[in-house]
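Peer 1: sequence and predicted structure, then a few things I'm wondering about:
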Amino acid sequence: MRSNVVEGAAGARLPVFRSRVQGEVLARLLLGPEREFSMLELAVLVRSDLAAVGREVERLAASGVVRVREVAGGRVVARNVATPLHEPLARLLLLTFGPGAVVAEECAHFAGVTRVFLFGRWADRYQGFPGPLPGEVHVLIVGDVPVAEAHLAAETASGRLGLPVQAVVRTRDQWHSGTDPFLREIRTGRLVPVDVRRPSPVRADRFGG
């Protein structure tokens, strides 16, 4: 099992993205509420190094997809909603890199969450295994998370993705015990970890113009 979401090359999911890092950076910037990220925050979220993230951001900025500006702590980047590329590109991201990014955001507010995984056919796609576009997203949430809240988060993620999102909750004890039949079954397949750490806010002014 690999250690992070979308570890391989981007081409297995959609060949228009040149790399896994580019797709993950775009997913973080173009999906969800509009926000600014520092370069370090992006590097942490996509589990890459600053140099690789910086190169991808420079390419995206040159094409007008994102906007970069200098602040006291370095550079911050955000989507450029003015470009005509924004809407069609965001749609492509929702269908490729989107599920991992969206699930991460919707689960980040759970104080008791310890692990989140994608499993099933989306996990296969994220790890580069070919196949038709999955019709729904399956999510395993581990920790002290109320089931009703998990299902509400899944509904919200479903609305953003345009795909059904099915969430299953298990406690930490169930995860570690090895006696849960459901967990034993899905562990025979592929589990893709989703990083639900929330980035610290960047205190910076809005983009001008």
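Peer 2: Structure received.
Peer 1: for this structure, what's the longest helix?
Peer 2: Longest helix in the chain, counting residues (DSSP state H): helix 147-161.
Peer 1: quick one: mean pLDDT for that one?
Peer 2: Average pLDDT, helix 147-161: 91.
Peer 1: got it, and stretch 123-132?
Peer 2: If you average the pLDDT values across stretch 123-132, you get 79.
Peer 1: next one: phi and psi at Leu30?
Peer 2: phi -100, psi -20 (degrees, to the nearest 10).
Peer 1: what about it, neighbour count?
Peer 2: 27 (other Cβ atoms under 10 Å). Quick note: C-beta positions are derived from backbone N, CA and C, even for glycine.
Peer 1: OK, contacts around the residue nearest to the spatial centre of the chain?
Peer 2: Centroid check for the chain by Cα atoms, centre = their mean gives Ala101 as the closest residue, at 1.6 Å. Ala101 sits next to 24, 27-28, 31-32, 93 when contact means Cβ atoms under 8 Å, 6 or more residues apart in numbering.
Peer 1: just list whatever residues bridge to Arg170.
Peer 2: Following DSSP bridges, Arg170 is listed with bridge partners Val142.
Peer 1: could you measure from it over to Gly178?
Peer 2: 12 Å (Cβ to Cβ, to the nearest Å).
Peer 1: what's the end-to-end length of stretch 75-86?
Peer 2: 21 Å (Cα to Cα, to the nearest Å).
Peer 1: quick one: residues in contact with that stretch.
Peer 2: Identification of contacts with stretch 75-86 by Cβ under 8 Å, 6+ apart yields 29-30, 34-39, 42, 57, 61, 63-69, 202, 204, 207.
Peer 1: what do you get for stretch 130-138?
Peer 2: Defining contact as Cβ under 8 Å, 6+ apart, one finds that stretch 130-138 is touched by 12, 95, 99, 103, 118-125, 157-158, 161, 163-166, 168.
Peer 1: buried residues, it. List them.
Peer 2: Buried positions in stretch 130-138, judged by neighbour count with 16 or more other Cβ atoms under 10 Å: 134, 137-138.
Peer 1: stretch 117-131 too?
Peer 2: Quick answer for stretch 117-131 (16+ other Cβ under 10 Å): 117-128.
Peer 1: name the nearest of those relative to Pro88.
Peer 2: Arg125 (20.4 Å; Cβ to Cβ).
Peer 1: check which helix or strand covers that closest one.
Peer 2: helix 121-126 (DSSP states H and E).
Peer 1: which secondary structure elements does that helix contact?
Peer 2: Other elements packing on helix 121-126 under the criterion 3 or more Cβ pairs under 8 Å, 6 or more residues apart in numbering; DSSP states H and E are helix 98-107, strand 137-143, strand 191-193.
Peer 1: any chance of those in CSV, plus mean pLDDT and distance to His86?
Peer 2: Shown next, in CSV, are the helices and strands packed on helix 121-126 (pLDDT from 0 to 100; distance: least, Cβ to Cβ, whole Å):
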stretch, mean pLDDT, distance to His86
helix 98-107, 88, 15
strand 137-143, 96, 23
strand 191-193, 91, 27
